[in-house]
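Asks: Here is my input, please return the structure:
(one chain, ligands or ions: 1)
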Amino acid sequence: MPQIRLDKFISERTEYSRSQIKQLAAAGKILLNGQITRKTDVKTDPESDTVEVCGEVVRSEKYRYILLNKPAGYVSSTEEKDGPSVLGLVPPGMRTKGLFPAGRLDKDSLGALLITDDGELAHRILSPRSHIPKIYIVKLDRPFENNYINKFESGIVLADGEACLPALVRPVENSEKLAFIQLHEGKYHQVKRMFASVENHVEQLMRVSLGGLVLPEKLAFGECMGLLHKDVENLFETPDFDDFCAEFSGFFSAILINNQL
Ligand code: URA
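Replies: Next up is the predicted model:
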């Protein structure tokens, strides 16, 4: 990897501005390979050098990828106009300047939300051409009807006349009102509006996978985890929907049932 200036390296990977970095260096708070460095224009090799700021190692990767298990009550936006932003749930040690949610979940929705500062990856994920499958589990107001399977697969037309791409939907075994749905697009309130068009109502919605990236069991609501490069690559995989439902129905239905909002 080419060498870059120490202040640029730190600034791109943390919340510190260049002037704060200068002050921290002057105060002896920046270590380069274990040695205090008061000069911030020295060159560093992001791959082989270890940089510490205020006792914390600065990661070498340029971009940050975070998976949040979104709780209800937070907005998927960098702004706080309609409620607290999901960015407030990112622990200080994981924060960088340009973080934003790559995708949307409604304020009352739960589950997998990617937060990143990599605009190019976000564009690849969010582009209408990417068709990354997303799986949700929903709790319905009325029992699931088997006719939904064909209706959703043929392409639901929403109340405003907008047509949806074919989607897969399956009831969760041994439950009347829980279902999994897989979409390849992300229209506004899409899952809720699709069930409304078959005269049902979504009471709770949780996104459980983005491409081949499944919300991990150990990640509680409100918690974040840093993703590795291979996890990010998983976003572009397509899981087999029926295998997914069979494998994860017990786990995700228990979460939805136990999460009394
Ligand atoms: N569809 C919805 O209706 N809401 C979400 O939060 C995500 C998908």
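
Asks: who's in contact with the spatially closest residue to P84 that is not a sequence neighbour?
Replies: Leaving aside its sequence neighbours, P84 sits nearest to Y74 (Cβ to Cβ, 6 or more residues apart in numbering; 5.4 Å). Any C-beta I mention is one placed from the backbone N, CA and C, and that applies to glycine too. Taking Cβ atoms under 8 Å, 6 or more residues apart in numbering, we find Y74 in contact with 83-86, 88-89, 107.

Asks: Next one: Y74 from the ligand, what distance?
Replies: Per Cβ to the nearest ligand atom, to the nearest Å, Y74 is found 12 Å from the ligand.

Asks: so what's that residue scoring on pLDDT?
Replies: Predicted confidence (pLDDT) at Y74: the value is 97.

Asks: Show me which of the contacts of Y74 are buried.
Replies: 85-86, 89 (16 or more other Cβ atoms under 10 Å).

Asks: How about stretch 80-91 and the ligand, touching?
Replies: No. For stretch 80-91, no contact with the ligand is found by Cβ under 6 Å from any ligand atom; the gap never falls below 12.0 Å.

Asks: can you dump the C-alpha coordinates of that stretch into PDB?
Replies: Extracted C-alpha coordinates of stretch 80-91, given in PDB (Å, rounded to 0.1, in the frame of the first residue of the first chain):
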ATOM      1  CA  GLU A  80     -32.300  13.900  13.900                       C
ATOM      2  CA  LYS A  81     -35.400  15.700  12.500                       C
ATOM      3  CA  ASP A  82     -37.800  12.800  13.100                       C
ATOM      4  CA  GLY A  83     -36.200  11.200  16.100                       C
ATOM      5  CA  PRO A  84     -32.800  10.000  17.200                       C
ATOM      6  CA  SER A  85     -30.400   8.900  14.500                       C
ATOM      7  CA  VAL A  86     -29.100   5.300  14.300                       C
ATOM      8  CA  LEU A  87     -25.700   6.900  14.200                       C
ATOM      9  CA  GLY A  88     -26.000   7.700  17.900                       C
ATOM     10  CA  LEU A  89     -25.900   3.900  18.500                       C
ATOM     11  CA  VAL A  90     -22.400   3.500  17.000                       C
ATOM     12  CA  PRO A  91     -19.900   3.200  19.900                       C
END
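
Asks: where in the chain is pLDDT low?
Replies: For the chain, the stretches with pLDDT under 70 are 1, 260-261.

Asks: where's G103, which helix or strand?
Replies: Using DSSP states H and E, G103 falls within no helix or strand.

Asks: Ok, Y188 next?
Replies: Under the assignment given by DSSP H and E, Y188 is not contained in any helix or strand.

Asks: cool, the one 5 residues further on as well?
Replies: With secondary structure defined by DSSP H and E, R193 is part of helix 190-196.

Asks: Send me that helix as PDB with only the CA atoms.
Replies: Presented in PDB, the C-alpha positions along helix 190-196 are these (Å, rounded to 0.1, in the frame of the first residue of the first chain):
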ATOM      1  CA  GLN A 190     -42.700  -1.600   0.700                       C
ATOM      2  CA  VAL A 191     -43.300  -4.600   3.000                       C
ATOM      3  CA  LYS A 192     -46.100  -2.900   4.900                       C
ATOM      4  CA  ARG A 193     -47.700  -1.700   1.600                       C
ATOM      5  CA  MET A 194     -47.400  -5.100   0.000                       C
ATOM      6  CA  PHE A 195     -49.300  -6.800   2.900                       C
ATOM      7  CA  ALA A 196     -51.800  -3.900   3.000                       C
END
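
Asks: Show me what it is packed against.
Replies: strand 134-140, strand 178-183, strand 202-210 (3 or more Cβ pairs under 8 Å, 6 or more residues apart in numbering; DSSP states H and E).

Asks: Pull the residues that contact it.
Replies: 106, 136, 138, 140, 152, 156, 158-159, 164, 167, 181, 183, 187, 201-202, 205.

Asks: hang on, the earlier thing: tell me which of the buried ones among the contacts of Y74 is nearest to E56?
Replies: Nearest to E56 among the buried ones among the contacts of Y74 is L89, at 19.2 Å by Cβ to Cβ.
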